[in-house]
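# return atomic coordinates for the entry below.
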Amino acid sequence: MKHYTQLTQEERYTISILRKQGLSNPEIARMIGRHRSTIYREIRRNKCRDNGYRPFKASKRTRGRRSRSRRNCRFGKRARNLVFKYIRDEWSPDQISNVLRNEGRLHISHETIYKWIRRDRKQNGILWTHLRQAGKKRRKRRNAPDSRGILRGKRPIEDRPIGAKNSSRVGHLEIDTVKGKGSKDCILTAVDRKSMKVWIGKMKDGSKKELNRALMLVLSKCSRKTYTLTPDNGCEFHGYEEIEKMTEVKFYFANPYHPWERALNENTNGLIRQYIPKGTSMEHLTQTDCNRIARKLNNRPRRKLGYKTPEECYETM
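Numbers count the residues shown, from 1 in each chain. Sure, this is the predicted structure:
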């Protein structure tokens, strides 16, 4: 019998998007590889008063139920200092709890860590500032046409090799650009589908030329062979044929307004927003800053990887 695992934040984000697209619960279950009863139960427990479903609130409610069902544990100053050290390194309470438990150093639930952080905040502490903030809001597009330019001859995402489709092989990357405010400066983000390792390239603007420069820099940092790249349909990727001529990498484009097809990249961009908040300028951001952020993310343990880090999984998988 397959062991049941809790829905991840990435899965909840995908459920929200698919519901907005009008898909039924059984259809959503098939797309994310879950039993339909899991989806029914998740919606029933966590839907809002307006019958909508919001991933952030769903996760918050789930944590609350689990916290109330467990007894309140008490830990000494030494344990608190150990946990707070990892919080200051931007590890999530879930990551801290599971890594310390797996290493046999401390048995503490992530709910207890959240309690400590809330108590610290009430006492004017700053531990809460090291946590991820709420996900970015999206405007409703409804049936609006794709206004980002038409690129003929591109390969569709459905044609990707099996190693990219099922994330069974290192070297298949999802890529995207993230813009700042107040200047043309932005960043290129790339994440490996299997190991979840991320690379970040600083861009002066969102032009095709600047995108290709940053992408070649990212590819040069990959210690293992890269086989495919999966971007969205942004105009900055319209110079992709130049990259294909210079490398052996193939591009496969996601369908317009189908962000769940690149859910890992979308989620990774959310992690990066912890360091580069939405609405801030990237004018003074340097490539050194980008490398530092990538190192932090790549050395955080991840639940999907069995609480190993993306860095070690990229090198060993």
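# what's the mean pLDDT across stretch 119-126?
Stretch 119-126 shows a mean pLDDT of 86.
# how about residues contacting it?
Leu127, Trp128 (Cβ atoms under 8 Å, 6 or more residues apart in numbering). C-betas here are computed from N, CA, C, even on glycine.
# now that stretch: buried residues?
Under the neighbour-count criterion of 16 or more other Cβ atoms under 10 Å, stretch 119-126 has Asp120 buried.
# one more: stretch 306-317?
Tyr307, Lys308, Thr309, Pro310, Glu311, Cys313, Tyr314, Met317.
# now the closest residue to the second one other than its chain neighbours: how far from Thr309?
Looking back up the chat, that one is Lys308. Of all residues not flanking Lys308 in the chain, Pro301 sits nearest, at 6.3 Å (Cβ to Cβ, 6 or more residues apart in numbering). According to Cβ to Cβ, to the nearest Å, Pro301 and Thr309 sit 6 Å apart.
# again with Thr226
Distance of Thr226 to Thr309, given as Cβ to Cβ: 20 Å.
# mind checking how far stretch 98-114 is from the chain centre?
With Cα atoms, centre = their mean, to the nearest Å as the basis, stretch 98-114 stands 22 Å off its chain's centre.
# export it as CSV, just CAs?
Only the C-alpha atoms of stretch 98-114 are listed here, as CSV (Å, rounded to 0.1, in the frame of the first residue of the first chain):
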residue,chain,number,x,y,z
ASN,A,98,12.6,17.0,9.7
VAL,A,99,16.4,17.5,9.3
LEU,A,100,17.0,17.6,13.1
ARG,A,101,14.8,14.6,13.5
ASN,A,102,16.5,12.6,10.8
GLU,A,103,19.9,13.5,12.2
GLY,A,104,18.7,12.4,15.7
ARG,A,105,19.6,15.8,17.2
LEU,A,106,16.2,17.1,18.2
HIS,A,107,12.6,15.9,18.0
ILE,A,108,10.5,19.0,17.5
SER,A,109,7.4,19.6,15.4
HIS,A,110,7.3,22.5,12.9
GLU,A,111,4.1,23.6,14.7
THR,A,112,6.1,24.2,17.8
ILE,A,113,8.7,26.2,15.9
TYR,A,114,5.9,28.4,14.4
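# reformat the buried residues of stretch 306-317 as a markdown table; add pLDDT and distance to Phe251.
Below are these laid out as a markdown table (pLDDT from 0 to 100; distance: Cβ to Cβ, whole Å):
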| residue | pLDDT | distance to Phe251 |
| --- | --- | --- |
| Tyr307 | 94 | 33 |
| Lys308 | 95 | 29 |
| Thr309 | 96 | 28 |
| Pro310 | 97 | 23 |
| Glu311 | 97 | 26 |
| Cys313 | 97 | 24 |
| Tyr314 | 97 | 21 |
| Met317 | 88 | 23 |
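# and which of the residues you listed is nearest Arg169?
Relative to Arg169, the closest of the buried residues of stretch 306-317 is Met317; by Cβ to Cβ it sits at 8.4 Å.
# measure the closest one to Lys165 for me?
For Met317, the distance to Lys165 - Cβ to Cβ - is 17 Å.
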